[in-house]
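Student: predicted coordinates and the sequence they were generated for:
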There are 2 protein chains.
Amino acid sequence: MASISARSLPGIPEVREGDDLAALILAAAGGERLAPGQVLAIAHTAVSKAEGAVVELSGVVPGERARALAGELGADARVIEVVLDESAEVLRAERGVLISRTRHGFVCANAGVDASNAGGAGEIARLVLLPRDPDASARRLRARLRELGGGGSDAPAVLISDTFGRAWRHGQTDVAVGLAGMHPLEDWRGRTDADGLPLRATWLAIADAAAGAADLARAKDSREPVVVIDGLGRFVSAEDGPGALALVRPLREDLFR
Amino acid sequence: MASISARSLPGIPEVREGDDLAALILAAAGGERLAPGQVLAIAHTAVSKAEGAVVELSGVVPGERARALAGELGADARVIEVVLDESAEVLRAERGVLISRTRHGFVCANAGVDASNAGGAGEIARLVLLPRDPDASARRLRARLRELGGGGSDAPAVLISDTFGRAWRHGQTDVAVGLAGMHPLEDWRGRTDADGLPLRATWLAIADAAAGAADLARAKDSREPVVVIDGLGRFVSAEDGPGALALVRPLREDLFR
């Protein structure tokens, strides 16, 4: 019998630029000791805010392409300008949304750009971007957790998540955009099942499944960016590993789109 | 603070055609009472075997198209024949794999067809298909659990899963192919976050995230098809609901492929 559990960590305050997110997480964990085999799943917005990956909408001057697209989509041209800045390639622009490949290589809606406010109610004042290098963010956060003594001699794995739409299926699920200390994929290729037969499912996107599990433990309108996952110790390593970019499928290998 | 947990149920024997899967599950649960707010995530192969959705390879006579495709793919023409039978449309045939849309509408590798054996070691003797109507299978299984007293006056939700590849990202994750008693999607469209701002992620594929969480609690080479998930009671309903087919995105609405 195997088991996993995921629980959100209450008490993380609204994160601001320059905040020590690792310290906030350890303070929220309180007396509880974070363990090396645990995975901390963190909503990317908390990381981006701490890193200052935030754009004030008032300072954005939309270019010609952004104004044209905004007209087609019925969107704020300044928001589109920021989305275009974050995009390496626009794949679709329909029904109010841009699907693009981000500078990192992720394919998602609006290049992962989220609306935020600046204290006022209900008005978009700031946009929260994806971290510039989410794997590096995860590594830094993990190193800082280790430094502050979280997890004792070692630190839990750090998984930075975002919520992405998918091809073929309705709805969105959380996926890993940054990762340190956890294997993103479990490779069973060449291995066989209990009968000695080749397995059809052989390359499991563990980190994405973990991101999805974490999101189930988080109320969407709450401010609980951090979820602690237990039971995935077999995927956690002392080394930071290849990161979440290993989950990005090169276009030339993609049979599913 | 919210939390979820998932644990595999040991002691389910190899399932054969005609087996009462609900009775096997309740026997494996032993003294433990299954609760109405729980979700039982079941690998589709167990359901298909119980329903006899299995094809003996020795009886398959491949047609011309199957033989041609098998030649291109370097595959067994009889396997390809069965995959074609299960496919409404072949989307790609490359690198040893067919990506097709199944009769149900799912897009996946080899139309969800898995290899199985017939007691011999390491030789494919039988193919396990997806259940003919996985939502109906989930409803029947739930009704039978209720009948047998699992979950007291009501029954846990039943989620039948399979492991699918995705566009844009490496690796596979488990998704829901059959569902009874659980909301497949959590709809936040039109709702706002703690700041009163529109949410970017507003239509969450809860059932797919739950399928992924369940798979993390299951060793891939073990025979543990059933995982019990706690903590998702807010998505579980007495009514069976729309099923997993509600997760299939119609082609005309698909911006992500």
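Tutor: Right, received. Where do you want to start? Residues are numbered from 1 along each chain as shown, chains lettered A, B, ... in the order given.
Student: for chain B, what are the nearby residues on the stretch 1-150 of chain A?
Tutor: Residues of the stretch 1-150 of chain A that fall close to chain B, judged by CB under 8 Å from any CB of the partner chain: A:1-10, A:91-92, A:94-95, A:97, A:99, A:106-107, A:109-110, A:113-117, A:121-124. To be clear about C-beta, it is placed using only N, CA and C from the backbone, and glycine gets the same treatment.
Student: average model confidence for the host helix or strand of A:Ala210?
Tutor: Taking DSSP states H and E as the definition, A:Ala210 sits inside helix A:206-216. The average pLDDT for helix A:206-216 rounds to 97.
Student: ranges for the strands of chain A?
Tutor: A:3-8, A:39-43, A:54-56, A:87-94, A:97-102, A:107-109, A:114-116, A:126-128, A:157-165, A:172-180, A:186-187, A:203-204, A:226-230 (DSSP state E).
Student: can you flag the weakest of these by average pLDDT?
Tutor: strand A:114-116 (a mean of 80).
Student: pairing partners for that one, with directions?
Tutor: Sheet pairing of strand A:114-116 (DSSP bridges) gives strand A:126-128 (antiparallel).
Student: tell me how far the partner strand is from the chain's mean position?
Tutor: Relative to the centre of its chain, strand A:126-128 is centred 16 Å away, using CA atoms, centre = their mean, to the nearest Å.
Student: not counting sequence-adjacent ones, nearest residue to A:Gly105?
Tutor: Spatial nearest neighbour of A:Gly105, excluding adjacent residues (CB to CB, 6 or more residues apart in numbering or on different chains): A:Val248 at 4.3 Å.
Student: do you know the pLDDT at the one you found?
Tutor: In the predicted model, A:Val248 carries a pLDDT score of 94.
Student: how many neighbours does it have?
Tutor: 18 (other CB atoms under 10 Å in any protein chain shown).
Student: which residues of the stretch 1-150 of chain A fall in helices?
Tutor: For the stretch 1-150 of chain A, the helices defined by DSSP state H, counting those that start in this stretch occupy A:21-29, A:44-51, A:64-73, A:77-86, A:134-147.
Student: next, the angle from the last one to strand A:39-43.
Tutor: The one in question is helix A:134-147. Put simply, helix A:134-147 runs at 130 degrees to strand A:39-43, going by axes from the mean of the first three to the mean of the last three CA atoms, to 10 degrees.
Student: and the second one, by the same measure?
Tutor: Relative orientation of helix A:44-51 versus strand A:39-43 (the same axes, to 10 degrees): 80 degrees.
Student: contacts for helix A:44-51, please.
Tutor: For helix A:44-51, the external contacting residues (CB atoms under 8 Å, 6 or more residues apart in numbering or on different chains) are A:12, A:15-21, A:53-54, A:112, A:114, A:116, A:128-132, A:134, A:137, A:141, A:160-162, A:177-178, A:225-226.
Student: bridged to A:Ile229, which residues?
Tutor: Beta-bridge partners of A:Ile229, as defined by DSSP bridges: A:Ala6, A:Val39.
Student: what's the spacing between it and A:Leu159?
Tutor: As defined by CB to CB, to the nearest Å, A:Ile229 lies at a distance of 8 Å from A:Leu159.
Student: list residues touching both of these two?
Tutor: Residues touching both A:Ile229 and A:Leu159 by CB under 8 Å, 6+ apart: A:Val39, A:Leu40, A:Ala41, A:Ala210, A:Ala214.
Student: report the central residue of chain A.
Tutor: Nearest to the geometric centre of chain A sits A:Ser161, at 2.0 Å (CA atoms, centre = their mean).
Student: let me see the contact set for that one.
Tutor: Contacts of A:Ser161 (CB under 8 Å, 6+ apart): A:Ala41, A:Ile42, A:Ala43, A:His44, A:Asp174, A:Val175, A:Ala176, A:Val177, A:Ala211, A:Ala214, A:Asp215.
Student: need the residues you listed in CSV (columns: neighbour count and distance to B:Arg169).
Tutor: Formatted as CSV, the contacts of A:Ser161 follow (neighbours: other CB atoms under 10 Å in any protein chain shown; distance: CB to CB, whole Å):
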residue, neighbour count, distance to B:Arg169
A:Ala41, 29, 17
A:Ile42, 26, 19
A:Ala43, 25, 19
A:His44, 25, 16
A:Asp174, 29, 12
A:Val175, 27, 7
A:Ala176, 32, 9
A:Val177, 31, 11
A:Ala211, 32, 11
A:Ala214, 28, 17
A:Asp215, 27, 16
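Student: before we move on, the earlier item: sort out which of the residues of the stretch 1-150 of chain A next to chain B are buried, if you could.
Tutor: For these, a neighbour count by 16 or more other CB atoms under 10 Å in any protein chain shown gives the buried set as A:2, A:4-9, A:91, A:97, A:99, A:106-107, A:109-110, A:113-117, A:124.
Student: so of the helices of the stretch 1-150 of chain A, which one's packed in deepest?
Tutor: helix A:44-51 (a mean of 24; mean count of other CB atoms under 10 Å in any protein chain shown).
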